[in-house]
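> Have a look at this prediction, sequence included:
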Amino acid sequence: MDRERQRTRRALVELVNIPNLDSGWVGPAQDFLQKYEPMRPDSAMPDAEVAEFGKQLYEVWQAVLNRDRFELEQANARLNGLLAAGDPIQGEGPALSADLKRAKFIYKPRTFLQKLELELLWSARSLARCPECGNCFIKRHSRDKYCGSECSGRARNKSQKILMQKRRRHAKRHRS
Ligand SMILES: [Zn+2]
């Protein structure tokens, strides 16, 4: 995976986690804009758009995880709408254009938002949510369960503690 795509992936994960931060969206949205770019050029309220599309893409993410047919259809329709036209008033074209010479369609995201949506689509099979911290993340390996080593370590410690408690209880019962 090239660096550009890795960056888009990182941005996507940060974006969908913004709606669920306890700190509210204003600060995180501004941090996001400083690190990446606005969802669309000439956006009048770029930070509000980060929060709004973060929420929309988070809902798409949930639909994929829930595997609910109705939710998935709605999520598909939402992505189709955004990828098909962008914002016609701002002259944003579709994210897909025909290339007859190469006999195929080429992906041509016009906005950062369309880039993020395409990444979500391509990563659909690797979308996940960490059972330890609740953050959305993209799996590197299909067996990945936690978002990172911190959360998998914490989960391991917890299960070890439970195991120790069980053993202690068991030993006590046998002593008395
Ligand atoms: Zn986690």
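Done, it's in.
> quick one: pLDDT of the residue nearest to residue 1 when sequence neighbours are not counted?
Once flanking residues are discounted, residue 1 sits nearest to residue 9: 7.8 Å by CB to CB, 6 or more residues apart in numbering. Using the backbone N, CA and C atoms, a C-beta is placed for each residue, glycine as well. At residue 9, the predicted lDDT confidence score is 96.
> what number of residues lie near residue 9?
Burial measure for residue 9: 19 neighbouring residues, criterion other CB atoms under 10 Å.
> next one: the one 3 residues further on
Around residue 12 sit 24 other residues, with neighbours defined as other CB under 10 Å.
> Repeat that for residue 172.
Neighbour tally, residue 172, other CB under 10 Å: 9.
> Please enumerate the strands of this protein.
Under the criterion DSSP state E, strands of the chain are mapped to 96-99, 104-107, 127-129, 136-138.
> Just say which of those is most tucked in.
strand 136-138 (a mean of 21; mean count of other CB atoms under 10 Å).
> distance between stretch 36-46 and the chain's centre?
Between the centre of stretch 36-46 and the centre of its chain there are 19 Å (CA atoms, centre = their mean, to the nearest Å).
> likewise stretch 26-43?
Centroid separation between stretch 26-43 and its chain, computed with CA atoms, centre = their mean, is 16 Å.
> buried sites along that stretch?
For stretch 26-43, burial by neighbour count (16 or more other CB atoms under 10 Å) applies to 28-29, 32-33, 36-40, 43.
> same question, stretch 107-123
For stretch 107-123, a neighbour-count test (16+ other CB under 10 Å) marks 109-120, 123 as buried.
> contacts for it?
By CB atoms under 8 Å, 6 or more residues apart in numbering, the surrounding residues in contact with stretch 107-123 are 5, 8-9, 11-12, 15, 36-41, 53, 57, 60-61, 79, 82-83, 86, 92-97, 127, 138.
> Give me the subset of these lying in helices.
Among the contacts of stretch 107-123, the ones falling in helices (DSSP state H) are 5, 8-9, 11-12, 15, 53, 57, 60-61, 79, 82-83.
> Would you show me how to pick out the buried ones of those residues in ChimeraX?
Restricted to buried positions by 16+ other CB under 10 Å, the ChimeraX selection for those reads:
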select :8,9,11,12,15,53,57,60,61,79,82,83
